[in-house]
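Student: Quick one, fold the following:
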Amino acid sequence: SQSGSSREDGLSDSSQSNAQRHSSANAAHGDPKSESGTATEKEETSVVSDSSEAEFQRLSLGFKCDLFTLDKRLRLEERSRDLAEENVRKEISSCQGLLQKNLEILIQSMTRVSSRSEMLGAIHQ
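Tutor: Coordinates of the predicted model:
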């Protein structure tokens, strides 16, 4: 079994060296098949690499811009929130003022009704 295994190794080694010699011979004779496969693979790898690099650069720039404007956007949002809170406070204060006036008018009206009711009761007696 060992001799079969070394015999197979010997055959595969000789097959590989034959393939390499064949490839080298084809390349030496200007066979376009032998070099074009490797060149095409290198070009494709280069294009993918360049594309990945460009995409990385684009995303990196986007994140840098985002980080650069983050503080400004944060201050703007805080200012908007503060203005909204102030407007709500003013609105509540205004509503409280109107409610207070309405309560005063209601108290005055109740006082008048009570007074008139007493006068009417006195007249009926």
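Student: ok, residue 86 - how many residues close by?
Tutor: 10 (other CB atoms under 10 Å). C-beta here means a position set from N, CA and C on the backbone, and glycine is covered the same way.
Student: Relative to residue 80, how far out is it?
Tutor: 11 Å (CB to CB, to the nearest Å).
Student: can you check residue 113 too?
Tutor: Following CB to CB, the distance that separates residue 113 from residue 80 is 49 Å.
Student: Equivalent analysis for residue 118, please.
Tutor: Taken as CB to CB, the span from residue 118 to residue 80 is 57 Å.
Student: which helix in the protein runs the most residues?
Tutor: Across the chain, the longest stretch assigned as helix under DSSP state H is helix 32-124.
Student: for the protein, which spans come out with low pLDDT?
Tutor: Low-confidence segments of the chain, defined by pLDDT under 70: 1-39.
Student: Packing partners of the longest helix of the chain?
Tutor: helix 2-28 (3 or more CB pairs under 8 Å, 6 or more residues apart in numbering; DSSP states H and E).
Student: residues near residue 123, how many?
Tutor: 7.
Student: ok, now residue 63?
Tutor: Around residue 63 there are 10 other residues, counting by other CB under 10 Å.
Student: Likewise for residue 44?
Tutor: Neighbours around residue 44, by other CB under 10 Å: 10.
Student: repeat for residue 94
Tutor: Neighbours of residue 94 (other CB under 10 Å): 10.
Student: Appreciated, that's everything.
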